[in-house]
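Q: Quick one, what's the 3D model for this:
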Amino acid sequence: MKDKFTIPWQSRPDGSSELLWRFDNNPLTGHRPIPGVLAIYNSAVISYEGAFIGVFRGDQQNGMPTLFVGHSDDGIAWTFETEPIPLQGEDAHIGIHEYAYDPRIVRLDDRYIVQWCNGYHGPTIGLAETHDFKTFIPLENAFLPYNRNGVLFPRKIGDNYAMLSRPSDTGHTPFGDIFYSESPDLTYWGKHRHVMSKGPEWWQGLKIGPGPIPIETSEGWLMIYHGVCNTCNGFVYRMGVALLDLDKPWKVISSGKGAIFGPEKPYETTGLVPNVTFPCAVVQDAGSDRIAVYYGSADTHIALAFGHINELVDFALQR
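A: Got it, this is the predicted structure:
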C-alpha cells in the first residue's frame, strides 16, 4: 500500500478521470472508536517523526465535541488517546472551552499550531501550540464570536501570520463567506479582507469555508474548501478548489468551475449528519505532487482520498 511513498497512496482507478479518488478501505474510523466517544471525524493529520499524528474531533456520548490526539504508522490505521487534550491556560478566560471541534494543524517554525472551533460564549477560533503533541499551550482566541473554520497559512505573509476563516452566527450558519486576517504574534488580529463569496454555483450557494492548510504552489496558494447547498432533504457538503495570490492571499486568482468531490458512498450519505464530505487535512508526498486528503464523512467517520496538486491547480485555473 504505502510502498516507496511517504504518504498513504493508491493510484487512480483504471478508467477514472476523477480529480480526487477514494481509498478502497474507507472509512478509517467506525462507531465508538474509543470509550465514551460516539464518533471521530472532521480531524487534522500531519506527518511527524517518520509517521503520522493528528488532532481529532471526538463527539462524546453527551453530544459535546472535544479534541483527542491520535497516532498512526501509515496514516491509515489509527490509535487514539483516551483522554481529551488538556487545554487549561493560566488565564481563566483562555481556559474556557465549552466545546472544541473541526481542528487543523500547521507547523510554524519549530512548533505546531492547532486551530479549532472553540466554544467561548459562542463559536470562535481557538489556538494552541505544541512541540511534542503531549503538552498543549492555549493561546488567545483569535476572533470575537462568532467564527468557524480557522485555517492558518504554513508561513508568514510578509512579516505577519495569516489565517482564513468564516464569520458565523450562533446557529448552523445558513450563510458564509471566506475572509483573510493577519497577526504579528498570533494574538492581535487585523487587516481583515474578504476573499471569496458563496455561489454563484448551486453546489456552494448556501455557504463556503476553508478546508485544509493552503498548499503553496508556483501558481499561487491552492485552497481546498467546502461548499454547501440546501436541498429538500437538508444540507449537502462538497469540495472545491481555488487559487489565491501568493503575496496577497485575499485576492482570488481563479476558482474551479464545479465541485471536485461530494458525497456518494454509503459512509458519506448516511450517518449522524448525512451527505457530508468535509476536508480538514492534506499530507503531501515530499517527492512528488501526490497528496492524501483526510475528510469527515457524514459527521461520523474519517475517510481518505487521493489526488495530484498539479491537476487541482489546472482545474482551479480552468485549464
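Q: can you give me the helices for the stretch 51-200 of the chain?
A: Counting by DSSP state H, counting those that start in this stretch, no segments of the stretch 51-200 of the chain form helices.
Q: in it, which spans are strands?
A: 51-60, 65-72, 79-80, 100-108, 111-119, 123-130, 137-138, 147-152, 161-167, 178-183, 190-196 (DSSP state E, counting those that start in this stretch).
Q: So for residue 292, which of the ones you listed sits nearest?
A: For residue 292, the closest of the strands of the stretch 51-200 of the chain is strand 51-60, at 9.7 Å, according to C-beta to C-beta. Yep, even glycine has a C-beta here, placed from its N, CA and C like the rest.
Q: ok so, going back, adding mean neighbour count and distance to residue 273, write the strands of the stretch 51-200 of the chain out as CSV.
A: Shown next, in CSV, are the strands of the stretch 51-200 of the chain (neighbours: other C-beta atoms under 10 Å; distance: least, C-beta to C-beta, whole Å):
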stretch, mean neighbour count, distance to residue 273
strand 51-60, 22, 11
strand 65-72, 21, 12
strand 79-80, 16, 21
strand 100-108, 22, 12
strand 111-119, 23, 15
strand 123-130, 22, 16
strand 137-138, 18, 28
strand 147-152, 25, 15
strand 161-167, 24, 18
strand 178-183, 21, 21
strand 190-196, 14, 24
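Q: Let me have those in TSV, adding mean pLDDT as columns.
A: Shown next, in TSV, are these (pLDDT from 0 to 100):
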stretch	mean pLDDT
strand 51-60	97
strand 65-72	98
strand 79-80	98
strand 100-108	97
strand 111-119	97
strand 123-130	97
strand 137-138	96
strand 147-152	97
strand 161-167	97
strand 178-183	98
strand 190-196	98
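Q: mind putting these in a markdown table, distance to residue 230 included?
A: Putting these into a markdown table (distance: least, C-beta to C-beta, whole Å) gives the following:
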| stretch | distance to residue 230 |
| --- | --- |
| strand 51-60 | 24 |
| strand 65-72 | 23 |
| strand 79-80 | 34 |
| strand 100-108 | 20 |
| strand 111-119 | 21 |
| strand 123-130 | 20 |
| strand 137-138 | 35 |
| strand 147-152 | 18 |
| strand 161-167 | 17 |
| strand 178-183 | 19 |
| strand 190-196 | 19 |
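Q: quick one: which of these is nearest residue 276?
A: Using C-beta to C-beta, those put strand 100-108 closest to residue 276, at 11.5 Å.
Q: Partner strands of the closest one and their direction?
A: As defined by DSSP bridges, the strand partners of strand 100-108 come to strand 111-119 (antiparallel).
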